[in-house]
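Enquirer: The sequence and its predicted three-dimensional model are supplied below.
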Amino acid sequence: MSSESISDSDDDLLARVAAGDGGAAFGCLFRKHSTAVYSYCFHRLGSWSAAEDATSVVFLEAWRRRADAVVVSGSLRPWLLGVATNVMRNQHRAARRYDAALRRLPPPETQPDPSDDVAGRIDDERQMAAVLGELKALKRNELEVIMVVAVEGLTYAEASVSLGIPVGTVRSRLARARARLAARRPSVVSEGGGEPVVSARVGRDRG
């Protein structure tokens with residue numbers, strides 16, 4: 001039986017992946033970071049079901065690119081969010097083909113969710129739709145910086161690795177995004193509980 005556990009460091013788990021003992025170790029990385037990736041995908045897509053599908057794609061892509069993985073400040077999360085960003089970039093290109101394929105399929109059988117959970121998910125998606133509506137004022141590269149710094153809480157250094165751009169570019173894009181959003185009415189993404197409602201963090205410097 002493998003000795004990997006989610007208490008192992010990301011560096012150790014990634015080393016085991018590189019050494020060829022990758023299945024269990026990568027599974028631990030998935031368990032450690034899948035919630036953060038799922039949340040990020042929801043913040044980008046505004047739909048829990050779309051976020052769930054995207055998260056699966058992100059980790060498949062992460063496994064395919066595992067030799068390129070980078071741990072930043074002891075965590076693989078910034079790199080994984082970078083993989084997710086690339087998946088999001090491709091989302092719109094694939095959307096029409098994906099929707100057309102779904103329309104040709106019979107409707108799936110679903111189990112009813114508890115009503116309070118359904119109401120909560122609908123409320124989350126309604127709030128996120130409002131946030132994403134305001135963020136349409138941003139250019140794509142500005143939106144990506146806002147999402148990883150203001151919403152996901154990455155530092156500038158982590159965002160640099162996540163998006164594959166210099167720290168100075170993170171700062172300048174964030175400054176332009178702040179200026180664009182300041183021209184619109186202020187919005188908020190709450191600090192606790194992951195409730196999506198653009199944040200005071202947008203105006204906060206992170207080193």
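Expert: Nice, I can see it. Values in this document were obtained by computation on a predicted structure and should not be read as measured data.
Enquirer: so what pLDDT did the closest residue to Val58 other than its chain neighbours get?
Expert: Excluding the flanking residues, the one nearest Val58 by C-beta to C-beta, 6 or more residues apart in numbering is Ala84, at 4.6 Å. Backbone N, C-alpha and C define where each C-beta goes, glycine included. Ala84 is assigned a predicted lDDT (pLDDT) of 96.
Enquirer: what's the answer for Leu76, then?
Expert: pLDDT, Leu76: 96.
Enquirer: how about it, phi and psi?
Expert: As for Leu76, its main-chain torsions (degrees, to the nearest 10) stand at phi -80, psi -10.
Enquirer: what about the residue nearest the centre of the chain, which helix or strand?
Expert: Nearest to the geometric centre of the chain sits Tyr40, at 2.5 Å (C-alpha atoms, centre = their mean). Taking DSSP states H and E as the definition, one finds Tyr40 inside helix 22-45.
Enquirer: re earlier: need the next SSE after the helix or strand in which the residue nearest to Val58 is found, C-terminal direction.
Expert: Using DSSP H and E, Ala84 falls within helix 77-103. Per DSSP H and E, the first helix or strand lying C-terminal to helix 77-103 is helix 115-135.
Enquirer: so that next one versus helix 22-45, what angle?
Expert: Here the directions of helix 115-135 and helix 22-45 differ by 70 degrees (axes from the mean of the first three to the mean of the last three C-alpha atoms, to 10 degrees).
Enquirer: Return the set of buried residues in helix 115-135.
Expert: Asp124, Glu125, Gln127, Met128, Val131, Leu132, Leu135 (16 or more other C-beta atoms under 10 Å).
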